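Asker: 3D, please:
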Amino acid sequence: MRLIVDDLRDVGQVLYPPVLAGAGLVPALRETADRCGLALDLDVPPSGLTGPSASRVCLLLVDHLRSLRPGTSVVVRIRGGLRLVGVHLREDRPGHASRHRWAVVRCA
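Answerer: Numbering: from 1, shown residues only. Take a look at the predicted model:
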């Protein structure tokens, strides 16, 4: 029974990081990077993101961070307003060329 409960918790963390609900976007991304063995550098506006904007951007990034190999360095830059949030992500994996990814998330 305990194994089933542990598996359900793991699934829940994949679907919605618990840190996001309590502490916000930045701690949720840092926790995910730590669990995945990634070096994470975040560039988030001082005002941060809140509410639906933070949730959408966080879920997008958490999903992608989980797909990266341990040891990858990731730089995430987030910029945006009330309706649109821009995300730039750079991945640096040892022995490989840097990869850049961009996304625009509609939040209104």
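Asker: Would you mind checking which helix or strand in this protein has the lowest mean pLDDT?
Answerer: Least confident helix or strand of the chain, by mean pLDDT, DSSP states H and E, is helix 18-22 with a mean of 52.
Asker: following it, which helix or strand comes up?
Answerer: Per DSSP states H and E, the first helix or strand lying C-terminal to helix 18-22 is helix 25-36.
Asker: That next one - contacts with which helices or strands?
Answerer: helix 18-22, strand 39-43, helix 51-65 (3 or more CB pairs under 8 Å, 6 or more residues apart in numbering; DSSP states H and E). In short, each C-beta sits where N, CA and C put it, glycine included.
Asker: Tabulate those (JSON lines), appending distance to R101.
Answerer: Compiled in JSON lines, these are given as follows (distance: least, CB to CB, whole Å):
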{"stretch": "helix 18-22", "distance to R101": "21"}
{"stretch": "strand 39-43", "distance to R101": "14"}
{"stretch": "helix 51-65", "distance to R101": "7"}
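Asker: just these: most buried one?
Answerer: Counting by mean count of other CB atoms under 10 Å, helix 51-65 has the highest mean neighbour count of these, with a mean of 18.
Asker: if I pick S53, what's in contact with it?
Answerer: Contact partners of S53, counting by CB atoms under 8 Å, 6 or more residues apart in numbering, are 80, 82, 85, 105, 107.
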